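[1] Model the following, please.
(one chain, ligands or ions: 2)
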Amino acid sequence: MSDLAALILAGGQSRRMRSPLSKVLHRAAGRPLIHYPVAAAIAAGASRVVVIASPKDRDTIEAYLVSAFGRDPIRVTVQDPPRGTGDAARVGVAALDASVRRVLILCGDVPLITRRDVEQLGSALASEQPLVVGTCQMPDPTGYGRILRNGEGRAYAIREHRDLATPAERAIREINAGVYAVLAEPLMSALTGLTPNNAQGEYYLTDILPVFARAGGVGTVDLSSDAVVGVNDRSQLAHVQDVMFERIAERHRAAGSSICRGACIDDAVVLGEDVLVQSGAHLRGNTRVGDGSSIDVGCVVTDSTLGAKVTLLPYTVVSESQIGDGCQLGPFAHARPKSVLEAEVKLGNFVETKATLMRRGAKANHLSYLGDGDVGENTNIGAGTIFCNYDGFSKHKTIVGRDVFIGSDSQLIAPVRVGDGAYVATASTVNLDVPADALAIGRARQTNKPGYAKALRERLAATKKPGSGH
Ligand code: UD1
Ligand code: CA
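    Ligands and ions are numbered 1, 2, ... in the order given. Here you go, the predicted structure:
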C-alpha cells in the first residue's frame, strides 16, 4: 500500500444537468463519468480511492466502481446533505486511515483528467509546498473559480465565479481545475476551519488556499484546457465525449488502425492491428475487433467480439454476438444477442439472426430471419427464409445440417430439423423433419389452365360500359 490516497468528490446535486441521475453516472464514451478520475488516480499510484457520494447514488456508484476496479481500492462514503466541496472533502478525509500521507482530490465531474496530469500534481507536492492546485488558462473562464495571485505571483486564494467582486477579478482567465494534491495532516486541520461565508452558503474546498498560503505555500500546475473541462450541464457532457472519442481514436491510430473522423469508439473497446473504422461507425461497450477487420459507415457494434479480417458493410448492427474470422455482414445485416458466427459466414442485406449458430462457411445472403437456429457448415439459406421460432408462448429451435440448400421464401416451423445434404424446394413451408439428402417440397401443387386468362379478360370487358375506363 502506498501512502497516497485519492478523494473523488461526487456528492453534489447536479442541478444544472436537469436529471434524476447524478451527473457522475452519466456516460461518456461508454463509461460513467466517475470512472475516469478514479482510473487516473489509481494509474497515478493511489492505493485507496474514497468517493464521496449522495445517499441516493451511493450503491450505484459503488457497484459500478467495484465491477470496474475491484473491491480493494474503492471506498464509497456518504455526504448528506451536500454542503459544498469543502464539506465533501471533510467527509472523505474521515474515511482515510492513518497511513495516508498524501491526498489527491479530484472532482467526479472532471473526467478528461489523465494519469499524467495527476502525476504532475503529485510530483510537485513537497513539505515546503504542501498544497498543489491544478490550474489552467481558459479562453472562457465562465463558471470556474479564478486563481488569485499576489505581487510575487504566488497563488493565495480562489474566487468562485459567483463571488467575483471586482473588474480585475473578473478579467482573470486562470481557473481552478478542481484537482489538488495535498499533504494529509495540514489538509485535515485546514478543513476543520472552513466556514460557509459565500454566495452559496456552502463550505468551499477552495477556502483552504489562504490557510496554506499563510502556513506553507501553494503550488500550481498548469494543465491543458482539454484536461480540466468540468461537466455541469449537457452541453459540457457532449463536449467532453467529443474530446474522449478523438483521444481514443488517436490511441488506436498510434497502434496502427485507421479511424476516420466521426467514428465513435468507446473507451473499453479493444482493437487489433490494421483495423479500419469508417465515419459514423460506433463501437460500444466491451467490444473486441481482430486484426485487419473493416467496419464501414454507420455500423453499430455493441458488446461483441469480431475476429480477424471481418468485413462489416454499411449499416450493420451487431449486439452481444461473436463473429468469426473472415465473416462478411451487411449492408444492413443485424446480428442480435447470442448470435455466433463461425469463420467465413456471410449475412447479406436485411438478414437478422438471434441466438443462432451459423457454422463455418454458412450463408444467408438476403432478407431472412434466423432465430434460435443452428445452421450447419456450408449451408445456403435462400432469400426470404424465415425460421418461425415463436408459437406465441415459447421459442423453439430450427436445426439445419451441413451442406443443406434452403430454397428462397421458405418457412421452417420450429421445432424442426433438416438433415445434412438435404434440399428444401423454394417456397416451402417445412413443419416436418427432413431426412439427410432428401428433397422436401412443402407447397401447393401448381395447376395451369390453358387460355383461361384470355377468356376471363374478354368476359370482364363485355360487362363494362364503353368509355368508363378501368
Ligand atoms: C468547483 C470549484 C471551482 C472549480 C470547478 C472546477 C469549489 C467551491 N469550486 O466548482 O473552483 O473551478 O469545481 O470544475 O470547489 N460536490 C460534492 N458535495 C457537495 C458539492 C459538490 O461532493 O456538497 C462534488 C460534485 O458532485 C462535483 C464536485 O464536487 O463532482 C464539484 O462540485 P460542483 O458543484 O460542480 O462545483 P463547481 O461549481 O463546478
Ligand atoms: Ca463542476
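[2] Kindly provide the distance from residue 50 to residue 188.
    14 Å (Cβ to Cβ, to the nearest Å). Every residue, glycine included, has its C-beta placed from N, CA and C.
[3] For this structure, give the residue positioned nearest to ligand 1.
    Residue of the chain nearest ligand 1, by Cβ to the nearest ligand atom: residue 145 (2.3 Å).
[4] Quick check: residues of the chain near ligand 2?
    Contact residues, the chain versus ligand 2 (Cβ under 5 Å from the ion): 109, 230, 232.
[5] Generate a PyMOL selection restricted to the buried entries among those residues.
    Selection of buried members from the residues of the chain next to ligand 2 for PyMOL, criterion 16 or more other Cβ atoms under 10 Å:
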select buried, resi 109+230+232
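[6] which one among the residues of the chain next to ligand 2 gets closest to ligand 2?
    Nearest to ligand 2 among these: residue 230, at 3.7 Å, using Cβ to the ion.
[7] Spit out the contact partners of that closest one.
    By Cβ atoms under 8 Å, 6 or more residues apart in numbering, residue 230 lies in contact with 107, 109, 110, 143, 144, 178, 236.
[8] Now with 6 Å, please.
    Residues counted as contacts of residue 230 (Cβ atoms under 6 Å, 6 or more residues apart in numbering) are 109, 110.
[9] In terms of helices and strands, where is the residue nearest to residue 208 when sequence neighbours are not counted?
    Leaving aside its sequence neighbours, residue 208 sits nearest to residue 190 (Cβ to Cβ, 6 or more residues apart in numbering; 4.2 Å). Using DSSP states H and E, residue 190 sits in helix 184-192.
[10] which is the next helix or strand following that helix?
    helix 208-215.
[11] so what's residue 434 bridging to?
    Counting by DSSP bridges, residue 434 forms beta bridges with residue 418.
[12] Could you double-check that it sits in contact with residue 418?
    Yes. Assessed by Cβ atoms under 6 Å, residue 434 is found in contact with residue 418 at 4.4 Å.
[13] who has more neighbours, these two?
    Taking neighbours as other Cβ atoms under 10 Å, residue 434 and residue 418 compare with residue 418 leading, 27 against 23.
[14] Cross-check the contact I'm expecting between that one and residue 403.
    No. The pair residue 418 / residue 403 is not scored as a contact, 10.8 Å apart, by Cβ under 6 Å.
[15] Show me the helices in this protein, by range?
    Taking DSSP state H, the helices of the chain run over residues 35-43, 58-69, 85-94, 115-124, 167-170, 184-192, 208-215, 234-254, 452-463.
[16] Which other helices and strands does the second one contact?
    The one in question is helix 58-69. strand 74-78 (3 or more Cβ pairs under 6 Å, 6 or more residues apart in numbering; DSSP states H and E).
[17] Please identify the pairing partners of the strand it packs on and their relative orientation?
    Applying DSSP bridges to the sheet, strand 74-78 is found paired with strand 48-53 (parallel).
[18] Give me the contacts around stretch 293-308.
    So stretch 293-308 is contacted by 275-292, 310-325 (Cβ under 6 Å, 6+ apart).
[19] what's the neighbour count on the nearest residue to residue 361 once chain neighbours are set aside?
    Residue nearest to residue 361 in three dimensions, not counting chain neighbours: residue 378, with 4.3 Å by Cβ to Cβ, 6+ apart. By the criterion of other Cβ under 10 Å, residue 378 has 15 neighbours.
[20] now residue 352
    By other Cβ under 10 Å, neighbour count at residue 352 equals 20.
[21] The worst-scoring helix or strand of the chain on mean pLDDT and ligand 1, any residue contact?
    Within the chain, no helix or strand scores below helix 167-170, which has a mean of 92 by mean pLDDT, DSSP states H and E. No. Helix 167-170 stays clear of ligand 1 (Cβ under 6 Å from any ligand atom), getting no nearer than 13.1 Å.
[22] With just CA atoms, put that helix into PDB.
    Provided in PDB are the C-alpha atoms of helix 167-170 (Å, rounded to 0.1, in the frame of the first residue of the first chain):
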ATOM      1  CA  PRO A 167     -13.500  44.000 -12.600                       C
ATOM      2  CA  ALA A 168      -9.900  42.900 -12.100                       C
ATOM      3  CA  GLU A 169     -11.100  39.600 -10.600                       C
ATOM      4  CA  ARG A 170     -13.500  39.200 -13.500                       C
END
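[23] so how far is it off the chain centroid?
    How far helix 167-170 lies from its chain's middle: 41 Å, per Cα atoms, centre = their mean, to the nearest Å.
[24] Ok, stretch 106-120 next?
    On Cα atoms, centre = their mean, the centre of stretch 106-120 falls 19 Å from the chain's centre.
[25] how about it: buried residues?
    Residues 106-114, 117-120 are the ones in stretch 106-120 that count as buried (16+ other Cβ under 10 Å).
[26] Please list which of the residues you listed are also close to ligand 1.
    Near ligand 1, by the rule Cβ under 6 Å from any ligand atom, you find 107, 108, 109, 110 out of these.
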